Every structure is written in C-alpha cells, then in structure tokens.
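Colleague: what shape does this take:
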Amino acid sequence: MIVPHGISNQYLVEENNLGLVVDSLDEAVEQVQNITEQQYLEYVHHVRGFAELLRNGYFTRKLLTESIHLIYRKSI
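Modeller: Numbers count the residues shown, from 1 in each chain. Coordinates of the predicted model:
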C-alpha cells in the first residue's frame, strides 16, 4: 500500500507496517525501486494479517463493544 503523507490513515499504515507513506509520486517510485525482497515480504505478511481482521469484522465488533461499554458506564 502506498499512501501520501497527511492522509487520515497515515498512522494506521505506519503503525501496522502496511506500506509506504510518501510525499510525491516520484518518492513512491524511488522507494518501490529500492525496496528489498525482505521488506516486501514483511509488508505482504502484515497486509494479509490486517486484511483478515477486516474481512472478519474485527474492527466493527470492537467499535460496537466499546460503544456499549461507554453507554453502560454513563448510565451508572
């Protein structure tokens, strides 16, 4: 995954090692040309794991659970 600096999901990409964050297309091309096989395989590994969480609704369930807990705490 290649995203521009400043995008709302930049932190998500960086913290989960999902891809590259760049300032320009030229920088993206340069980074892709210089990526090692090991770095590429690490990105693939992290993206596959993250994709599984998305497909199984992990983040939706987490948000709903946290919302219910917040509502419950406020009603006490």
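
Colleague: quick one, strands of the protein?
Modeller: Assigned strands in the chain, in chain order: 2-4, 20-22 (criterion: DSSP state E).

Colleague: can you tell me which of those strands is most buried?
Modeller: Comparing the strands of the chain on average neighbours per residue, with mean count of other C-beta atoms under 10 Å, the densest one is strand 20-22 at a mean of 18. C-beta: built from backbone N, CA, C; applies to glycine.

Colleague: now that one: average pLDDT?
Modeller: Regarding strand 20-22, the rounded mean pLDDT is 97.

Colleague: circling back to that earlier point, okay if I get the strands of the chain as TSV plus distance to Gly49?
Modeller: Listed next are the strands of the chain as TSV, based on distance: least, C-beta to C-beta, whole Å:
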stretch	distance to Gly49
strand 2-4	18
strand 20-22	18
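
Colleague: relative to Ser67, which of those is closest?
Modeller: Among the strands of the chain, strand 2-4 comes nearest to Ser67, with 27.4 Å by C-beta to C-beta.

Colleague: tally up the residues packed near Val13, please.
Modeller: Counted with other C-beta atoms under 10 Å, residues neighbouring Val13 total 19.

Colleague: next, the contact list for it, please.
Modeller: Contacts were defined as C-beta atoms under 8 Å, 6 or more residues apart in numbering; by that measure Val13 touches Met1, Val3, Gly19, Leu20, Val21.

Colleague: of those residues, which is the nearest to Thr36?
Modeller: Distances from Thr36 to those, taken by C-beta to C-beta, are shortest for Leu20, at 12.9 Å.
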